[in-house]
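Student: Dropping a prediction and its sequence here:
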Amino acid sequence: RPPLYKVVLLNDDYTPMELVASILLTVFHHSDTTAWEITMDIHEKGRGVAGGPYSKEVAETKTEKTMGIAKALGYPLLATFEEE
Ligand code: TYC
């Protein structure tokens, strides 16, 4: 079986909570409640799982999309993907 990957978001001091929650809604298809729970969890713990498991290609695309949205708005949000 091919390996599967989860996308992980890292906390930072600059990216607005609203932007993280909106990325969790639009890129990772979480509900509003879950998106905010994940956002607060990352804010408090330093990192957290945004979504998955995905194929490597999907995980890579969602990781790039996440950082691309933040970067376009001038924020340093970091995402990475890890084998499950
Ligand atoms: N710590 C950020 C703030 O206080 C919010 C944040 C949450 C940033 C999650 C990144 O992955 C993140 N505005």
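Tutor: Looks like it arrived, so ask away.
Student: Please export the C-alpha coordinates of the top helix by length along the chain as CSV.
Tutor: Ranked by residue count and defined by DSSP state H, the top helix of the chain is helix 56-72. Extracted in CSV, the C-alpha atoms of helix 56-72 (Å, rounded to 0.1, in the frame of the first residue of the first chain):
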residue,chain,number,x,y,z
LYS,A,56,1.4,12.3,-0.9
GLU,A,57,0.3,14.3,-3.9
VAL,A,58,-2.9,15.6,-2.2
ALA,A,59,-0.9,16.3,1.1
GLU,A,60,1.7,18.2,-0.9
THR,A,61,-0.9,20.2,-2.8
LYS,A,62,-2.8,21.2,0.4
THR,A,63,0.4,22.1,2.1
GLU,A,64,1.4,24.4,-0.7
LYS,A,65,-2.1,25.9,-1.0
THR,A,66,-2.1,26.7,2.7
MET,A,67,1.2,28.5,2.7
GLY,A,68,0.3,30.2,-0.6
ILE,A,69,-2.9,31.7,0.7
ALA,A,70,-1.1,33.0,3.8
LYS,A,71,2.0,34.2,1.9
ALA,A,72,-0.2,36.1,-0.6
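Student: counting contacts, what elements does it pack onto?
Tutor: Applying 3 or more Cβ pairs under 8 Å, 6 or more residues apart in numbering; DSSP states H and E, one finds that helix 56-72 contacts strand 5-10, helix 17-26, strand 47-54, strand 78-83. For every residue, glycine as well, the C-beta is placed using N, CA and C.
Student: Taking their axis directions, the last one and strand 47-54 sit at what angle?
Tutor: Here strand 78-83 points in a direction 50 degrees away from that of strand 47-54 (axes from the mean of the first three to the mean of the last three Cα atoms, to 10 degrees).
Student: Remind me what strand 78-83 packs against, helices and strands.
Tutor: Secondary-structure packing of strand 78-83 (3+ Cβ pairs under 8 Å, 6+ apart): strand 5-10, strand 47-54, helix 56-72.
Student: Near the ligand, which residues of this structure are found?
Tutor: When proximity is defined by Cβ under 6 Å from any ligand atom, the chain lies next to the ligand at 9-13, 15-17, 20, 39, 42-43, 77.
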